[in-house]
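Enquirer: would you be able to build a 3D model of this:
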Amino acid sequence: GQSTSLCWKLFLPHFRVAGCTKYSLEALRLLMQANAVLSPNLAHQVKWHRFVNTKGGAGRNIPCDLYNEHVNKIIKFMTQNMGSNLTEASLQRAVRCLSPLEAFCTKFDTEGGVPGVSSAHCTKSDIKDIKSVVQVVLKHKLLKQIENRKHHSFPNMHLN
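Expert: Numbering: from 1, shown residues only. The predicted structure is shown next:
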């Protein structure tokens, strides 16, 4: 919404200077539509209808195209075993039952005490890996220069 409009405003001169004429024209068109050309209702839609809030709460919006990717993944999962039974009508039935099915699964998981899957990105700590590498280096004294130590694959390699 508001932060997206601010980003377009801030990047407009950058796009122009960098020679990205398509982006600069798109930014200018979008800003003009939202602030001058469109009616207040349409301007509100242009500004705010690019995101979906599926979990509720402020600041938990995701882009509409990402939401569509999630929905497409679910529909593909629902229809992958239909085989030759996959027709236009069966696909429409699958799409129509998507929302009630999602509500049913959410309620079932809530009542059954199944923890929800987090959609947040997480990064694993690499401290454990670094410690194991350091232990190997220390154990085999790899940083110490030892007389006549050679790797069998590189017998002619000279140290300098």
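Enquirer: quick check: buried residues in the strand or helix carrying residue 66?
Expert: Per DSSP states H and E, residue 66 falls inside helix 64-79. For helix 64-79, the neighbour count (16 or more other C-beta atoms under 10 Å) marks 78-79 as buried. C-beta here means a position set from N, CA and C on the backbone, and glycine is covered the same way.
Enquirer: ok now whichever helix or strand comes after it, how far from the chain's centre?
Expert: Going down the chain from helix 64-79, the next helix or strand is helix 88-96, by DSSP H and E. Mean-position distance between helix 88-96 and its chain equals 27 Å (C-alpha atoms, centre = their mean, to the nearest Å).
Enquirer: with stretch 67-83 instead?
Expert: Remark: stretch 67-83 is offset 18 Å from the chain centroid, using C-alpha atoms, centre = their mean.
Enquirer: for stretch 137-150, same thing?
Expert: That offset, for stretch 137-150, works out to 44 Å (C-alpha atoms, centre = their mean).
Enquirer: re earlier: and the helix holding residue 66 with helix 88-96, angle?
Expert: Inter-element angle recorded for helix 64-79 and helix 88-96: 120 degrees (by axes from the mean of the first three to the mean of the last three C-alpha atoms, to 10 degrees).
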